[in-house]
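[1] Sequence and predicted structure, then a few things I'm wondering about:
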Amino acid sequence: MASFFSKRARWTGNDKESANPAIKIEELKILKNRLLLFKLSYPKKIKKYFLSNLFWVEYDHDLHGVSRGILQIPAVSNILPLAWAIGADILVKELDKTYLQSVEKIRLVMKTWYPKLPFSTKIYVDEVTSSSFSNKGYGLLFSGGIDSTTSYVRHKNAKPNLIMVWGADIPLDKKNFWEKARDKYSSFAERENIRINFIKTNMRQFINERLLTIKFGRYLSASWWGRLHHGIGLLGLTAPLTVTGHIGTILIAASVTRTRALKFHWGSHPLIDNAMSWADVKVVHDSDDLSRHEKIKYVLGDYIRKSNYYPTLRVCWSQFSDFNCGTCEKCLRTITVLALENIDPNKCGFNINGNFFDILKQNLIENRINIEHTFLWKDIQRHLPKVMNHNLYGCKDFFKWFKEFIIVENKPKRNFNINDLPFHVYYELPENLQKTIKRIREQQTPIMRIAKWVLSLISKL
Ligand SMILES: [Zn+2]
């Protein structure tokens, strides 16, 4: 028996081999054959990391016939990053053997990336299950952005089943926006004659992501979600679908090239995604041979020319009213690449006018754009042709000027957020005191309003 999981766990949790606190999946309820409801228990000392003891995932079709060893994967995958970071074990009644082996590989990779975190988690399983489906189909985690649309186009002939998740980059309270995205990409799937599945989950709401970022963000050098959680968490959600949808390969689109990934530790990464597996299902970190610019130039450009159809791209993370705000760094950069490659941005979900490139030039000169990753803008410069044969939205002069422009990093200023400090202290307080503070905060007394106003002023200093 490998050391990282054991059949010998008792449900009292008292005779584990390790001294780590245990997160136990007490119960898995399956409602209407499509909603998985996991009841969790954990010791008091780690309660602060959870906002709810219920983790749930709702699928859009019947999961009848999927074994419990597979159905537990969504929960374990979304608990694991937390367990790794705080040094907790996981107790679960049944779990797939291949999956257990794969997450052990991922743990060892991430342990080298984030050596300040314990990564001492053991998974105790009552019944280790094995399955083999010999499925031939493809599934693709899909958001509508450049990366996943490119992966779709490249695997078009395999008719990949698109999988969209509500509760990941689109929060659960953005219902209208989610419905807009769902309808848009349902039409896209219909047009392409492929299946699309929708998953709804509280994956980002049952854990205290804010506390985790405050506490561990400095060891991860960015957000909890980005660096640790999103890859394994999203992939885990797809496990039941691979059984019902006859999927043998799950694709997750790369966001950077494999050369860049060598220096870039990210929650979705070739070393993470390609290691993930369950039953005989394979996961592929897809299309990391191309840069973002190359994806637009060679894959999307070719698709648009051949089909005469412009897919709606959803690249923006800054807001949830339109698919793209058109003003954030990511939107500006994507519009620039599209225009350079003679693809009308306004046909792909953006909304620009004839002044766009004059304003962009001015903002670049005045260093008003939050350029965090200069390589993405330098990649555009690398693709500037000697002679431009089009002038979409008057971009010709802009690109002539842009060729010589020196791109400098302009990371958003991370103001010291004093609001985080009391928050950090708050979760160390006894539970009764936390409740009292919460009650006072909710009362919106004049004193609280003034205190909040003062805190907001200080945090802007
Ligand atoms: Zn935007």
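    Thanks, I have the structure now.

[2] Quickly note the distance from A279 to K378.
    Distance, A279 to K378, by C-beta to C-beta, to the nearest Å: 43 Å. Heads up, the C-betas are built off the backbone N, CA and C, glycines and all.

[3] no, scratch that, I was asking about V283
    Taken as C-beta to C-beta, the span from V283 to K378 is 31 Å.

[4] Kindly report the same for Y185.
    Counting by C-beta to C-beta - Y185 and K378 are separated by 32 Å.

[5] Same drill for these two, tell me which one is more crowded.
    Neighbour count, other C-beta atoms under 10 Å: between Y185 and K378, Y185 has more, with 21 against 12.

[6] Quick check: that one touching I163?
    No: counting by C-beta atoms under 8 Å, Y185 does not reach I163; the two are 10.6 Å apart.

[7] which residues are in contact with both of those two?
    By C-beta atoms under 8 Å, 6 or more residues apart in numbering, Y185 and I163 have these common neighbours: F142, I196.

[8] residues in this structure within reach of the ion, list them.
    C316, S318, C325, C328, C331 (C-beta under 5 Å from the ion).

[9] Skipping adjacent residues, who's closest to the residue in the stretch 51-200 of the chain positioned nearest to the ion in space?
    In the stretch 51-200 of the chain, the residue that lies nearest the ion is G145 (11.4 Å; C-beta to the ion). Using C-beta to C-beta, 6 or more residues apart in numbering and skipping residues adjacent in sequence, the residue nearest G145 is V315, 5.0 Å away.

[10] Who are the contact partners of the one you found?
    So V315 contacts G145, I146, N324, K330, C331, T334 (C-beta under 8 Å, 6+ apart).

[11] Could you give the number of residues near the fourth one?
    This points to K330. 19.

[12] how about it, what does it touch?
    With C-beta under 8 Å, 6+ apart, K330 has these contacts: V315, C316, W317, S318.

[13] That one is in what secondary structure piece?
    Assigning secondary structure by DSSP states H and E places K330 in helix 329-340.

[14] what is the mean pLDDT for that helix?
    Averaging pLDDT along helix 329-340 yields 98.

[15] Can you get me a residue count around the closest residue to N135 other than its chain neighbours?
    Nearest in space to N135, with sequence neighbours left out and distances taken as C-beta to C-beta, 6+ apart, is G248 at 3.7 Å. When counting by other C-beta under 10 Å, one arrives at 16 neighbours for G248.

[16] on that earlier part again, give the next helix or strand downstream of the helix holding K330.
    helix 356-365.

[17] so what does that next one touch, helix or strand wise?
    Where contact means 3 or more C-beta pairs under 8 Å, 6 or more residues apart in numbering; DSSP states H and E, helix 356-365 is packed against helix 329-340, helix 395-402.

[18] Contacts for that helix, please.
    So helix 356-365 is in contact with 332, 335-336, 339, 369, 393-395, 397-398, 401-402, 405, going by C-beta under 8 Å, 6+ apart.

[19] switch the cut-off to 7 Å
    The contact list for helix 356-365 (C-beta atoms under 7 Å, 6 or more residues apart in numbering) reads L332, I369, Y393, G394, C395, F398, W401, F405.

[20] any idea of the mean pLDDT for that helix?
    Computed over helix 356-365, the average pLDDT equals 97.

[21] mind listing what's buried in the helix or strand following it?
    Toward the C-terminus, helix 356-365 is succeeded by helix 374-382 as the next helix or strand (DSSP H and E). By neighbour count on 16 or more other C-beta atoms under 10 Å, the buried set for helix 374-382 is L376, W377, D379, I380, Q381.

[22] helices or strands next to helix 374-382 in the packing?
    Judged by 3 or more C-beta pairs under 7 Å, 6 or more residues apart in numbering; DSSP states H and E, helix 374-382 is in contact with helix 292-294, helix 329-340.

[23] Drop anything exposed from the contacts of V315.
    Here, 16+ other C-beta under 10 Å leaves G145, I146, N324, K330, C331, T334 buried among those.

[24] ok, for the third one, nearest residue in space, not its chain neighbours?
    Counting by C-beta to C-beta, 6+ apart, the nearest residue to N324 once its immediate chain neighbours are dropped is C316, at 4.3 Å.

[25] list the contacts for the one you found?
    F323, N324, C325, C328, K330, C331.

[26] Go again with 10 Å.
    145, 322-328, 330-331, 334, 349-350 (C-beta atoms under 10 Å, 6 or more residues apart in numbering).

[27] about what we covered before: widest-spaced pair of the contacts of helix 356-365?
    Greatest spacing in the contacts of helix 356-365, by C-beta to C-beta: I369 and G394 (19.1 Å).

[28] could you show me where the strands are in the protein, in order?
    5-6, 22-31, 35-41, 54-58, 89-96, 123-129, 137-141, 161-166, 196-201, 247-253, 277-278, 281-286 (DSSP state E).

[29] what would these look like in TSV with mean pLDDT?
    Below are the strands of the chain laid out as TSV (pLDDT from 0 to 100):
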stretch	mean pLDDT
strand 5-6	52
strand 22-31	98
strand 35-41	98
strand 54-58	98
strand 89-96	98
strand 123-129	97
strand 137-141	98
strand 161-166	98
strand 196-201	98
strand 247-253	98
strand 277-278	98
strand 281-286	98
